[in-house]
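Trainee: Starting from these lines, generate the structure:
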Amino acid sequence: MGTVESDGRGGVDRQRPGWREGVGDAALAVALLAFEVAGTDPSAAQRGVTADARAYVLVVVAALALAVRRRWPFVTLAVVTVATTAYLLLYPYGPILVSFLVAVYTVAAHRSLRPAATGGALALVLLTVHVFAGARPTGLLGLMPAAAWVVVPFALGTTVRLTRDAAARNRAEEARRLADGERLRVAQEVHDVVGHGLAAIHMQAEIALHLMEKRPEQAQTALAAISRTSKEALDELRVTLAVVRRGDDGTAERAPAPGLAQVPVLRDRLAGTGLPVTVEVEGEPAALPVAVDLAAYRVVQESLTNVLRHAGPATATVRIRYAPAEVDVEVTDTGRGAAGTGRGAGGSGLAGMRERITALGGSFDAGPVAGGGFRVYARLPVEERT
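Mentor: Numbering: from 1, shown residues only. Now for the predicted structure:
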């Protein structure tokens, strides 16, 4: 494969051919040489002219110059144009014009528009000399067919070039889109892990400070909870960031992603912060696709983190319903629902949850509950989208 250099305007200015392209160009040159040598004498004979040694020398030069057509397209065009013009000054039209067509096409297809157009125009001017001083001059009436030998291959080459450049830009844009999506996914993961961990640590630190003087033994329990929570958060953060620490072989250190099976652990962790959490499960727990399991867990985690941050004194209930084709997750609390209509909206919490769920083909809803409290609901299809 050849290497490509940009022309600075979003196009491909130079394409350095690799050995495969070189072999292909050499094979094309040999094939055209055989075709043109075999066809030159019959073509000249049809017009009452004999092709002598000079004719074959010009045919050989024009055909073999194409062996380096993609490495030095302008040099190739110059050599082929001179040989073809010299041929037409001595003989009528013949197969040598096929080499000229290929040379013009190559310049248009592999060089940027302005220099390619300049080279094509010069080739046209030189080629049309035979119209007035060739073996059979035709005058002004011959300009149109002579121009077609340049215009047609140039237009074809330009079309191929533009199509190739557009495809390259589309591939680059798709790569950027995928990279942006991966960065957003990692950012959401980091937000969920760090946000939850810090919220729990903050609440436990407040408890420890409040109890430090009056009940030091309970303060010690809160400090132990802080230590445990920070270690768990750091471990989960390390796993999350491992995705961006890939080695040369494309692998990364991986640990099982958290899922709904870890919700009881999350409940126990939050119990130390003073947030009672009840977990209710309906249906038979089943193995879920990794992306679905992680998204459902993150909804529970982020929802409980928002309760911890914004709801004030409250209790929370997590309901998980397993069905053959879907899994439903609902988190409700008894906190300040009315005042927290946009609970977590100031950051990326609710928006991140919605994006995560809808990306998997699920549905998401969040809002205050009549009579007080807040509800977050997510429904996810069990089958992974392809």
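
Trainee: so who does residue 292 touch?
Mentor: By CB atoms under 8 Å, 6 or more residues apart in numbering, the contact list for residue 292 reads 327, 360, 380, 381, 382, 384. Just so you know, the C-beta spots here come from the backbone N, C-alpha and C atoms, and that holds for glycine as well.

Trainee: so where is the stretch 201-350 of the chain shaky, pLDDT-wise?
Mentor: Within the stretch 201-350 of the chain, the stretches with pLDDT under 70 are 202-204, 207, 210-211, 217-222, 225, 228-229, 231-233, 235-257, 272, 337-348.

Trainee: now the strands for it?
Mentor: 277-282, 316-322, 326-333 (DSSP state E, counting those that start in this stretch).

Trainee: And the closest residue to residue 285 other than its chain neighbours, how far from residue 31?
Mentor: Distance criterion CB to CB, 6 or more residues apart in numbering; nearest residue to residue 285, sequence neighbours excluded, is residue 322 at 5.8 Å. Computed as CB to CB, to the nearest Å, the residue 322 to residue 31 distance reads 66 Å.

Trainee: ok, those two, which is more surrounded?
Mentor: Counted by other CB atoms under 10 Å, residue 322 and residue 31 do not tie: residue 322 has more neighbours, with 16 against 12.

Trainee: wait, doesn't the more buried one sit right on residue 281?
Mentor: Yes: Residue 322 is within contact range of residue 281, at 7.5 Å (criterion: CB atoms under 8 Å).

Trainee: before we move on, the earlier item: against residue 283, how distant is the residue nearest to residue 285?
Mentor: Shown here: residue 322 relative to residue 283, a distance of 3 Å by CB to CB.

Trainee: hmm, what's the outermost residue in this protein?
Mentor: Ranked by distance from the centre of the chain (CA atoms, centre = their mean), the top residue is residue 48, with 60.7 Å.

Trainee: would you list every one of the helices in the stretch 251-386 of the chain?
Mentor: Remark: helices assigned in the stretch 251-386 of the chain by DSSP state H, counting those that start in this stretch are 263-271, 290-310, 349-359.

Trainee: closest to residue 62 out of these?
Mentor: In terms of CB to CB, the element of the helices of the stretch 251-386 of the chain nearest to residue 62 is helix 349-359, at 58.1 Å.

Trainee: Restrict the closest one to CA atoms and write it as CSV.
Mentor: Taking Å, rounded to 0.1, in the frame of the first residue of the first chain, the C-alpha atoms of helix 349-359 are listed here in CSV:
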residue,chain,number,x,y,z
GLY,A,349,-25.9,12.8,36.3
LEU,A,350,-29.4,12.6,34.8
ALA,A,351,-28.2,13.5,31.3
GLY,A,352,-25.5,10.9,31.5
MET,A,353,-28.0,8.2,32.7
ARG,A,354,-30.4,9.1,29.9
GLU,A,355,-27.7,9.0,27.2
ARG,A,356,-26.4,5.7,28.5
ILE,A,357,-29.8,4.0,28.5
THR,A,358,-31.0,5.4,25.2
ALA,A,359,-27.8,4.3,23.5
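
Trainee: Buried ones in that helix, by neighbour count?
Mentor: For helix 349-359, the neighbour count (16 or more other CB atoms under 10 Å) marks 349, 350, 352, 353, 354, 356, 357 as buried.

Trainee: just the residues you listed: which has the poorest pLDDT?
Mentor: Scanning the buried residues of helix 349-359 for pLDDT, the low point is residue 349. It has 70.

Trainee: Quick check, that one in contact with residue 305.
Mentor: Yes: applying CB under 8 Å, one finds residue 349 in contact with residue 305, separated by 7.4 Å.

Trainee: related to what we said a few turns ago, between the buried residues of helix 349-359, which sits nearest residue 175?
Mentor: residue 356 (22.5 Å).

Trainee: ok, and the closest non-adjacent residue to that closest one?
Mentor: residue 295 (5.0 Å).
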